[in-house]
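Trainee: From the sequence below, what's the structure:
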Amino acid sequence: MKKKILLSLFFWFFSVQGALASSVQLDLIEVAPGIFVHQGKHFDVDESYQGDICNIGFIIGKDSVAVIDTGGSQVVGESLKASIREKTSLPIKYVINTHVHLDHIYGNAAFNDKITEFIGHSELPKAMQFRKEFYERLNHKYLNIPIEKSIQIPPSILVKENENKIFDLGERKIKISAYPSAHTNNDVTITDIKTGTLWTGDLLFIERTPVIDGDIHGFIDVLDQLISLDINLVIPGHGKPTKKWKEAFKKNKNYFVTLRNDVRNAISEDQGLRKAIETAAQSESKKWKLFDIQNARNVNQVYPKLEWE
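Mentor: Numbers count the residues shown, from 1 in each chain. Take a look at the predicted model:
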């Protein structure tokens with residue numbers, strides 16, 4: 001009898017652990033009528049990473065739903081899908097990926113059905129394929145996901161650079177805009193025309209140090225473009241949604257201008273990359289979370305390009 005009880009407890013424990021591993025609790029905020037956001041945690045892609053570090057969410061129209069980014073794993077995507085079903089039974093018509101980074105795209109697999117169409121920048125499919133093996137290794141290392149289970153779902157509807165496309169969710173239209181190389185070479189934003197709400201993806205960081213994985217000159221230009229928009233609310237790729245979005249864009253721009261100037265100065269003074277990592281943009285260090293690791297990566301990204309100006 002005691003043996004049966006122990007066996008029952010054993011199987012119960014591991015079934016509970018399996019259930020916990022297959023779901024993530026997502027706290028949702030309705031930031032505008034019919035617009036729901038889950039704010040990701042401020043972690044790096046390291047031992048603390050659980051696929052839940054970027055902002056993800058959805059917009060509900062009269063006839064259908066659009067999802068904006070899906071998180072870093074199918075588990076996070078399934079949890080987002082379950083959260084949508086708590087709010088509405090309408091079909092999920094579109095999944096929009098703001099760019100290629102793994103924390104934004106691997107939840108796509110949860111929405112892979114005959115109804116949902118995937119939308120992204122015209123450069124996104126190539127970028128996903130290029131990073132596929134690297135991302136599979138990261139998912140295996142940090143999320144314990146077998147290589148064959150890291151499923152990418154590339155977009156079937158493409159938005160070309162400098163193009164705007166309108167999609168109708170039923171008495172609610174959204175505009176998807178694609179940009180030249182900035183944060184990445186495959187950034188898009190989503191504007192809910194009804195409420196004047198802009199989803200920026202990682203063209204805007206709040207609290208967390210901004211990241212450059214594209215072109216720093218292009219990023220600064222795009223930030224100027226975004227600052228001039230007529231909108232009410234901004235949902236960044238990381239950090240809290242804000243109505244003080246002009247200040248937020250200007251803060252991001254100031255970081256990148258400082259970074260560019262400091263790296264240029266380091267190069268002109270014949271400082272090597274290692275020294276530039278130690279000195280560039282240090283005046284910004286107290287303003288941002290995860291500064292040391294992210295700023296070092298940013299210097300490593302922009303130094304070789306500025307060196308050949």
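Trainee: can we go C-alpha only for contacts and neighbour counts from here?
Mentor: OK.
Trainee: tell me which element Phe256 is part of?
Mentor: Element membership for Phe256, per DSSP states H and E: helix 245-268.
Trainee: ok, and for that helix, which residues are buried?
Mentor: Buried residues in helix 245-268, counted by 16 or more other CA atoms under 10 Å: 245-246, 248-253, 255-260, 262-264, 266-267.
Trainee: quick one: contacts of that helix?
Mentor: Contacts with helix 245-268, where a contact means CA atoms under 8 Å, 6 or more residues apart in numbering, come from 204-206, 210, 216, 220, 223-224, 226-227, 233-234, 272, 275-276, 279-281, 284, 299, 302-303, 306-307.
Trainee: just the CA coordinates of the next helix or strand along the chain from it, formatted as CSV?
Mentor: Later in the chain than helix 245-268, the nearest helix or strand by DSSP H and E is helix 273-279. Extracted C-alpha coordinates of helix 273-279, given in CSV (Å, rounded to 0.1, in the frame of the first residue of the first chain):
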residue,chain,number,x,y,z
LEU,A,273,37.6,47.9,-29.6
ARG,A,274,38.3,46.7,-26.0
LYS,A,275,39.1,50.2,-24.8
ALA,A,276,36.0,51.7,-26.6
ILE,A,277,33.8,49.1,-24.9
GLU,A,278,35.1,50.5,-21.5
THR,A,279,34.5,54.2,-22.4
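Trainee: Which strands and helices lie in contact with helix 273-279?
Mentor: Applying 3 or more CA pairs under 8 Å, 6 or more residues apart in numbering; DSSP states H and E, one finds that helix 273-279 makes contact with helix 245-268, helix 291-307.
Trainee: Please report the distance of Thr88 from Val75.
Mentor: Distance, Thr88 to Val75, using CA to CA, to the nearest Å: 20 Å.
Trainee: Who has more neighbours out of those two?
Mentor: Val75 (22 against 13; other CA atoms under 10 Å).
Trainee: correct me, but that one touches Gly107?
Mentor: Yes. Shown here, Val75 and Gly107 form a contact pair, counting by CA atoms under 8 Å, at 6.9 Å.
Trainee: measure stretch 182-195 end to end?
Mentor: Length of stretch 182-195, first residue to last, CA to CA: 26 Å.
Trainee: tell me the angle the helix holding Phe256 makes with helix 291-307.
Mentor: Interaxial angle, helix 245-268 versus helix 291-307 (axes from the mean of the first three to the mean of the last three CA atoms, to 10 degrees): 60 degrees.
Trainee: Could you tell me how far helix 245-268 lies from the centre of the chain?
Mentor: Mean-position distance between helix 245-268 and its chain equals 21 Å (CA atoms, centre = their mean, to the nearest Å).
Trainee: cool, and stretch 224-231?
Mentor: Stretch 224-231 sits 20 Å away from the centroid of its parent chain (CA atoms, centre = their mean).
Trainee: likewise stretch 40-54?
Mentor: Chain-centre distance of stretch 40-54: 11 Å, with CA atoms, centre = their mean.
Trainee: Dump the helices and strands packed on helix 273-279 to TSV, plus mean pLDDT and distance to Tyr135.
Mentor: Shown next, in TSV, are these (pLDDT from 0 to 100; distance: least, CA to CA, whole Å):
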stretch	mean pLDDT	distance to Tyr135
helix 245-268	98	26
helix 291-307	97	17
